[in-house]
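*Asks:* here's a sequence, model it:
(2 chains)
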Amino acid sequence: MVGYWQLLPEGLVLTGALIALFGEFMPGGDRGAVRIGAALAFSAALIIALDGSSGTLFGGMLTFDGPARFIRAGVAGLTGVWLLWLSGRDIAPDEPRRRDAAALALLSAIGGMVLAASTDLITMYMALELSTMPAYVLVGYRRRDVAGLEGALKYFLLSLLTSLIMLYGLSFLYGSTGATLFADISLSGTGALGLIAALLTIVGLLAKLSAAPFHFWAPDAYAGAPASAVAFVSTVPKIAGAAAMVRLMHVMLPDEPQLQWILLLAAVVSMVLGNLSALPQSDIRRLMAYSGVAHTGYLLLALSSGTQYGYGAVLYYAVAYAVPSLAIMLVVAEEGPALADMAQLAARRPAVAWSVVVWLMSLIGIPPLAGFFGKLYLFRAPLEAASTPWPVAAVVVAVLVSVVSAGYYFRVIRQMFLADEPDSPCVVPNSVASNIAVGIAVVATIAMGIGIAPLLELVGL
Amino acid sequence: MGETVNGVAFAILAFASIGGAVGVLASRNVVHAGFWLLEAMVAVAGLYLLLSAEFLALVQLLVYAGAVSVLLLFVVMLTLRRREDAVRPLDWSLSGAVLALLFGSMIYLGIANFDIPVAEMPSTVPDIAALGEILFALDGGWVLPFEIASLVLLVALVGAVWWSKEDEK
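*Replies:* Have a look, this model is predicted:
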């Protein structure tokens, strides 16, 4: 497609959001509106995946290239999976109404899709806000639940603060270079001011990606939120955030090599802190929140290499992490948030239990799943670019804590297969739509590993 | 306007804006701090006027002096039930001082080591029609961020309605 037709997928998703807002007038009501949204999101992903055209729009504000295509398709597809699941289940046991959640998720998806293509400071900032703002509402979607609202408020205030810090950095960036288009920004010769601008900007993005030391909002916010909302909030905006980070590093790292050390430090702290804090958790939402911090650490590790190879690895792994993570939270939303709720899942619903095993294996990094290749490329990037021993040491730490992470992932597996049957096992009603969503996630996790070659070409690896 | 008149006006406005900022920090009552903020923002609008940036001055008055200050006072009014709650002790803690010092020295170093480009002031200020053209031109304009902003506002609206409306019967 050429010209402004390249925004057709965003248009489809927007249509879905508007339809969901007026869900009560749709045939099938609430559920029908969510189904339409899922169908539109899937068709948007399909259009992006099939349409290989590239180019720039709005005078260079949007750039449609391989990475943008990969991330946009990932965001739209994952939103579709989430909505498909939602059309068969309630977002929380005591909250039957879901059309608002569907509309918010679709709007967030638009933000993510635009963010993945944006190559302009102001467009990037606005798209980032659009992709995270619906997340505040989704986190506090159970509006009678005090813990959920507290989590939402914490998330909102912290996210707002870091957004403002980032905006401050962007204003310095504009002030010292006189340009908002990434193509025109060059930090060479800006001295300390350029470094300050880059630092402030990165802080905002690190917080959105829940990287240490800006991660502490995530476990609290997620533990108070419905698990189904966490499934969306902790994955889809993160993919787009990683894409924005890659685009910014393309601009900043060549002129500000000191940033490499900051990224490397944040990576090591995130990996160690995330994995060690996840070990003792008994609430799977908290466990996955800390695991998310750790995975952000892996992403930052490759990002710090500053090479094309590293950037490609980050983009690939952002999606390769998001698919299993989203799917696990969907199963948690069906079964219950506590680790004990997963007991004997293998006896009750063997297919679902084995799906969870596949996703956990991918997160640990077992071949031939997506997570294995993702981690392989992530860890190779800093090794190849290393000129000092520190990146190599960081990779050794990454491999070690990866092994530690298997400890808490295997705890979930042990619960599902070996734990005693709980006294009152919850009976989850069958739902074809959510089973299909779970099936798609399994297929995607395996297919992204086996059929990796064309994807790597797309992200420039 | 002569150079002297300009200088006097600048001195008054600069004193007013910095004095307002000091007032924000020094007042113990949150409501007083809000009014000091209003004063500082109006003074900055005056500085914009001195630079012949009428539109910017107007926006500064409307958005910052108008909307933001009123919003601030609304929040204080809605969240503080008792009059005494609005009075807070000044924070003289060491961590606050260290943070302030770090931030101040960072900004100072940044600006001191950077030769800020001296822009030539245009002889005539572009009018608001030109501004609209820049805002809505498809190529090289700002129509895309503008439209995304409208979606952000839609999200805020949906969220506010969701949290504040009554349960359906």
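
*Asks:* chain A contacts on chain B?
*Replies:* Within reach of chain A by Cβ under 8 Å from any Cβ of the partner chain, chain B has these residues: B:106-107, B:109-111, B:113-114, B:116-117, B:138-145, B:148-149, B:151-152, B:154-156, B:158-159, B:162-163, B:168. Any C-beta I mention is one placed from the backbone N, CA and C, and that applies to glycine too.

*Asks:* what's the PyMOL line that selects buried ones from the residues you listed?
*Replies:* In PyMOL, the members of the residues of chain B next to chain A classed as buried (16 or more other Cβ atoms under 10 Å in any protein chain shown) are selected with the following command:
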select buried, chain B and resi 110+114+141+142+143+144+145+148+151+152+154+155+158+159+162
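
*Asks:* which ones among the residues of chain B next to chain A are found in helices?
*Replies:* The helices, defined by DSSP state H, take in B:106-107, B:109-111, B:143-145, B:148-149, B:151-152, B:154-156, B:158-159, B:162-163 from these.

*Asks:* any low-confidence regions in the stretch 351-461 of chain A?
*Replies:* A:422-425 (pLDDT under 70).

*Asks:* what about the helices in it?
*Replies:* Assigned by DSSP state H, counting those that start in this stretch, the stretch 351-461 of chain A shows helices spanning A:370-385, A:389-418, A:432-450, A:452-459.

*Asks:* same deal with chain B?
*Replies:* Using DSSP H, the helices of chain B run over B:3-26, B:30-50, B:54-59, B:69-79, B:94-112, B:128-136, B:143-164.

*Asks:* residues in contact with the last one?
*Replies:* Read that as helix B:143-164. If you take Cβ atoms under 8 Å, 6 or more residues apart in numbering or on different chains as the criterion, helix B:143-164 is touched by A:14, A:21, A:57-58, A:61-62, A:100, A:103-104, A:107-108, A:110-111, A:114, A:120, A:122-123, A:126-127, A:129-130, A:133-134, A:136-137, A:140-141, A:143, B:135-137.

*Asks:* ranking the helices of chain B by burial, who's on top?
*Replies:* Highest mean neighbour count among the helices of chain B (mean count of other Cβ atoms under 10 Å in any protein chain shown): helix B:30-50, with a mean of 19.

*Asks:* output the contacting helices and strands for that one.
*Replies:* helix B:3-26, helix B:54-59, helix B:69-79 (3 or more Cβ pairs under 8 Å, 6 or more residues apart in numbering or on different chains; DSSP states H and E).

*Asks:* for the second one, what is the average pLDDT?
*Replies:* Helix B:54-59 comes out with an average pLDDT of 87.

*Asks:* likewise the last one?
*Replies:* In this model, helix B:69-79 has a mean pLDDT of 83.

*Asks:* and the angle for that helix with helix B:30-50?
*Replies:* If you take axes from the mean of the first three to the mean of the last three Cα atoms, to 10 degrees, helix B:69-79 sits at 170 degrees to helix B:30-50.

*Asks:* and the contacts of helix B:69-79?
*Replies:* Outside helix B:69-79, the residues within contact range by Cβ under 8 Å, 6+ apart are B:30-31, B:34-35, B:37-38, B:41, B:86.

*Asks:* relative to A:Arg69, which of these is nearest.
*Replies:* Distance to A:Arg69 across these (Cβ to Cβ) is lowest for B:Met41, with 44.5 Å.

*Asks:* pull the contacting residues for the closest one.
*Replies:* Contact analysis of B:Met41 by Cβ under 8 Å, 6+ apart lists B:20, B:60-61, B:64-65, B:68-69.

*Asks:* phi, psi for the closest residue to chain B within the stretch 301-450 of chain A please.
*Replies:* Closest approach of the stretch 301-450 of chain A to chain B (Cβ to the nearest Cβ) occurs at A:Ala333, with a separation of 19.1 Å. A:Ala333 adopts backbone torsions of phi -60, psi -30, taken as degrees, to the nearest 10.

*Asks:* same question for A:Asp283.
*Replies:* phi -100, psi 120.

*Asks:* give the rounded mean pLDDT of the lengthiest helix in chain A.
*Replies:* In chain A, with assignment by DSSP H, the single longest helix is helix A:146-177. Across helix A:146-177, pLDDT averages out at 89.

*Asks:* quick one: distance of that helix to the chain centre.
*Replies:* 18 Å (Cα atoms, centre = their mean, to the nearest Å).

*Asks:* what angle separates the worst-scoring helix or strand of chain B on mean pLDDT from helix B:143-164?
*Replies:* Least confident helix or strand of chain B, by mean pLDDT, DSSP states H and E, is helix B:128-136 with a mean of 79. Per the same axes, to 10 degrees, the angle that helix B:128-136 makes with helix B:143-164 is 80 degrees.

*Asks:* so what touches helix B:128-136?
*Replies:* Contacts with helix B:128-136, where a contact means Cβ under 8 Å, 6+ apart, come from B:55, B:141-143, B:146.

*Asks:* mind redoing it with 10 Å?
*Replies:* Residues from elsewhere that reach helix B:128-136 (Cβ atoms under 10 Å, 6 or more residues apart in numbering or on different chains): B:54-55, B:58, B:126, B:140-143, B:145-146.

*Asks:* from these, which is closest to chain A?
*Replies:* B:Gly140 (3.7 Å).

*Asks:* same question for the helix or strand where A:Ser131 lies, mean pLDDT?
*Replies:* In this assignment (DSSP states H and E), A:Ser131 forms part of helix A:121-139. Per-region confidence: helix A:121-139 scores 94 on mean pLDDT.

*Asks:* how far out from the middle of the chain is that helix?
*Replies:* For helix A:121-139, the distance to the chain centre is 13 Å (Cα atoms, centre = their mean).

*Asks:* can you check stretch A:276-285 too?
*Replies:* Remark: stretch A:276-285 is offset 19 Å from the chain centroid, using Cα atoms, centre = their mean.

*Asks:* buried set for it?
*Replies:* Buried-residue list, stretch A:276-285, by 16+ other Cβ under 10 Å: A:277-278, A:281, A:283-285.

*Asks:* domain ranges for chain B?
*Replies:* For chain B, the structural domains run B:1-89, B:126-169, going by automatic domain parsing.

*Asks:* find the centremost residue of chain B, please.
*Replies:* B:Tyr64 (4.8 Å; Cα atoms, centre = their mean).

*Asks:* for B:Ala43, see how far away that one is.
*Replies:* According to Cβ to Cβ, to the nearest Å, B:Tyr64 stands 11 Å off from B:Ala43.

*Asks:* what touches both of those two?
*Replies:* In contact with both B:Tyr64 and B:Ala43: no residue, using Cβ under 10 Å, 6+ apart.

*Asks:* tell me the contacts of the nearest residue to A:Gly371 once chain neighbours are set aside?
*Replies:* Among residues not flanking A:Gly371 along the chain, A:Ser362 sits closest, at 3.7 Å (Cβ to Cβ, 6 or more residues apart in numbering or on different chains). Contact analysis of A:Ser362 by Cβ under 10 Å, 6+ apart lists A:320-321, A:323-325, A:327-328, A:368-375, A:409, A:442, A:444-446, A:448-449.

*Asks:* for A:Ser362, give its distance to B:Leu80.
*Replies:* Relative to B:Leu80, and taking Cβ to Cβ, A:Ser362 is found at 50 Å.

*Asks:* swap in A:Ser304?
*Replies:* The value you get for A:Ser304 to B:Leu80, if Cβ to Cβ is used, is 46 Å.

*Asks:* those two: who's more crowded?
*Replies:* A:Ser304 (27 against 14; other Cβ atoms under 10 Å in any protein chain shown).

*Asks:* I'd assumed A:Ser270 was in contact with the more buried one.
*Replies:* No - A:Ser304 lies out of contact with A:Ser270 (Cβ atoms under 10 Å); the separation is 11.6 Å.

*Asks:* pretty sure A:Gln415 contacts A:Gly336?
*Replies:* No - judged on Cβ under 10 Å, A:Gln415 makes no contact with A:Gly336 at a distance of 11.4 Å.

*Asks:* got any residues that touch both of the two?
*Replies:* A:284, A:342-343.

*Asks:* would you list the residues you listed in TSV and tack on pLDDT and secondary structure?
*Replies:* Formatted as TSV, the shared contacts of A:Gln415 and A:Gly336 follow (pLDDT from 0 to 100; DSSP: H, G, I helix; E, B strand; the rest coil):
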residue	pLDDT	secondary structure
A:Ile284	92	helix
A:Met342	86	helix
A:Ala343	85	coil
